[in-house]
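J.: Curious how this folds, go ahead:
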Amino acid sequence: MGSDSDWRVMSDASQSLTDFGIPHEVEVVSAHRTVDKLVRYGREARARGLRVIIAGAGGAAHLPGMLASLTALPVVGVPVQLATLDGMDSLLSIVQMPAGIPVATVSINGAKNAGLLAARILGASDPDVGDRVEAYARDLEAQVEQKNRRLKESL
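T.: Presented below is the predicted three-dimensional model:
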């Protein structure tokens, strides 16, 4: 994430990954204040064994795009809402990437979905993770049916 203040949102991605048993790291890397660290992190990520990067940032939100320009790994961008502009500035900064530098982008403050998307990406080549993702989807389906049943019983 671009700042430790983004943790209030990005912790949801970490929790999703933890729930799926996916080891991960959390790092503050600013696209503007720690440029050398950003370049090192992006260029070394794949060699260090990372397989997906989730990058959350607010405001100008250059972190996801800059990381995507430095690595061949998939990057999932999370626009983090700040006090001004309701996160639209972050969303537009992340989603409007030039051709050749793709960044998958989730909703404003959508870190949980970023974690779930990363799990799905990993699950495409890791059968154990894929099985856990499928079980999660079945649990969601059961929850919806349970809510539907409760609603009908309350009428």
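J.: The spatially most central residue of the chain: what's it in contact with?
T.: When CA atoms, centre = their mean is applied to the chain, the residue found nearest the centroid is residue 114 (3.0 Å). Contact analysis of residue 114 by CB atoms under 8 Å, 6 or more residues apart in numbering lists 13, 16, 54, 56, 76, 77, 78, 106. Using the backbone N, CA and C atoms, a C-beta is placed for each residue, glycine as well.
J.: which ones among those are found in helices?
T.: 13, 16 (DSSP state H).
J.: Next, the residue nearest to the centre of the chain: secondary structure please.
T.: helix (DSSP: H, G, I helix; E, B strand; the rest coil).
J.: Same list, the contacts of residue 114, but as CSV with pLDDT, neighbour count and distance to residue 69 please.
T.: Output for the contacts of residue 114, formatted as CSV (pLDDT from 0 to 100; neighbours: other CB atoms under 10 Å; distance: CB to CB, whole Å):
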residue, pLDDT, neighbour count, distance to residue 69
13, 98, 27, 21
16, 97, 22, 26
54, 98, 26, 16
56, 97, 29, 17
76, 98, 26, 15
77, 98, 29, 12
78, 98, 33, 17
106, 98, 23, 19
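J.: The contacts of residue 114: which two are farthest apart?
T.: 16 and 77 (15.6 Å; CB to CB).
J.: where along the chain do the helices fall?
T.: Under DSSP H, the chain gives helices at 7-19, 35-44, 63-70, 88-95, 111-123, 127-154.
J.: Can you say which of the ones you listed is packed in most?
T.: Highest mean neighbour count among the helices of the chain (mean count of other CB atoms under 10 Å): helix 63-70, with a mean of 24.
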